[in-house]
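>>> Structure here, sequence nowhere to be found:
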């Protein structure tokens, strides 16, 4: 009765490529940056090199993904995921900077208290000797 044209488009996205090339490495970099939480705070070279490596790797992943994707005027979901991952990695480096600063301040306070205690002990011993 009615003539019509019927077209069926089946669009299929193979997500495994994006998982393997983008999401999985980004997730591993975030988890690798968490390893610095278990490294001793006095192991400066280990924590700094781990932090810089993860930050640079995340930057490389972001750059590679943006180069391989078409240029569009809106934010893509992969951009949000990668930038949130980058923020997590950067915050782990920032955490070490804060811990290092606070531990330095605490070490200075402890050193001052030890010096005060030593000077008071020395002062008391000289007073004690003068009394007798």
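That came in fine, so what should we check first? This is a predicted model, so every value here is computed, not measured. Numbers count the residues shown, from 1 in each chain.
>>> What average pLDDT does the longest helix belonging to the chain get?
For the chain, the longest helix by residue count, based on DSSP state H, is helix 77-131. Across helix 77-131, the average pLDDT comes to 85.
>>> One more: stretch 23-41?
The average of the pLDDT scores along stretch 23-41 is 94.
>>> Please list the outside residues in contact with it.
The contact list for stretch 23-41 (Cβ atoms under 8 Å, 6 or more residues apart in numbering) reads 46-47, 50-51, 54, 57-58, 61, 78, 81-82, 85, 88-89, 92-93, 95-96, 99-100, 103. Bear in mind the C-beta positions are built from the backbone N, C-alpha and C, glycine included.
>>> mind listing what's buried in that stretch?
23, 25-26, 29-30, 32-33, 36 (16 or more other Cβ atoms under 10 Å).
>>> what about residue 79, how many neighbours?
Burial of residue 79 is recorded as 15 neighbouring residues (other Cβ atoms under 10 Å).
>>> for it, what are its contacts?
For residue 79, the contact set (Cβ under 8 Å, 6+ apart) comprises 65-66.
>>> my read: residue 85 touches residue 58, true?
Yes - if you go by Cβ atoms under 8 Å, residue 85 and residue 58 touch, sitting 6.3 Å apart.
>>> ok, back up a step: can you flag the buried ones in the contacts of stretch 23-41?
The neighbour count (16+ other Cβ under 10 Å) marks 47, 50-51, 54, 57-58, 61, 78, 82, 85, 88-89, 92-93, 96 as buried among those.
>>> Most widely separated two among those?
The span of those, defined through Cβ to Cβ, is set by 47 and 78 at 29.1 Å.
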